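S.K.: Need a 3D model of the following:
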Amino acid sequence: MRRVMIIGQPGSGKSTLARAVGEIAHLPVVHIDMIHWMPGWVERDRAEKTRMCNAVHRRPAWVFEGGHTATWEDRLARADTLIWLDLPVALRLWRVTRRTAMSWGRVRPDVPEDCPERFSAEFFGFIWRTRATARARCARLFASAGGEKATHHLRRPSDVSSYLAALRRAAQRGNLGISHR
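M.R.: Residues are numbered from 1 along each chain as shown. Have a look, this model is predicted:
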């Protein structure tokens, strides 16, 4: 396990899982929001995002969570592990609401400076509008992963907890090789 790709829709827990996997596996973590946004919630140019993602893909080791789907195929080609967080939309909306309330006005560690947490009706609408299309895109990517990669389709919070517990046990045994599920 050297290059871990985590996908999922907003509120699925990608950033939290990425930090946990990075800590357990001693891998550097890259959050897509650090690439997507510049300070002040200014969206970065698409070409620049692609260039930055490709630079990460070339690194020897990473946990890379999130979107910029234009680079997903290249990221998947480099990844040895693919994790799809596929949680229900109601849970994801609740998590985003809770995150917004608990972090209101503060900058989370997975976003650039000067991007304080705020309520965005547009973002909640985006989550709702893309619930089926974004899930279908994740499903297509997951199906294309092929047998040479470790793939993990986590559908419930208990799946995430079980995955992390198994990863911790493997790390304690010094066995973070690729396992297929």
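
S.K.: For beta bridges, what are the partners of the residue most central in space within the chain?
M.R.: Per Cα atoms, centre = their mean, the C-alpha nearest to the average position across the chain is that of residue 65, at 2.7 Å. Beta-bridge partners for residue 65, by DSSP bridges, are residue 6, residue 31.

S.K.: is it true that residue 96 touches residue 9?
M.R.: No - look at residue 96 against residue 9 with Cβ atoms under 8 Å: they stay out of range, at 10.1 Å. The way it works is simple: take the backbone N, C-alpha and C, and place the C-beta from them, glycine included.

S.K.: Common neighbours of the two, please.
M.R.: Shared contacts of residue 96 and residue 9 (Cβ atoms under 8 Å, 6 or more residues apart in numbering): residue 127.

S.K.: Which of the three states applies to residue 146?
M.R.: Secondary structure for residue 146, judged by DSSP: H, G, I helix; E, B strand; the rest coil, is coil.

S.K.: same question, residue 107
M.R.: Recorded secondary structure, residue 107: coil (three-state DSSP).

S.K.: Same question for residue 151.
M.R.: strand.

S.K.: What distance do you get for it to residue 83?
M.R.: 8 Å (Cβ to Cβ, to the nearest Å).
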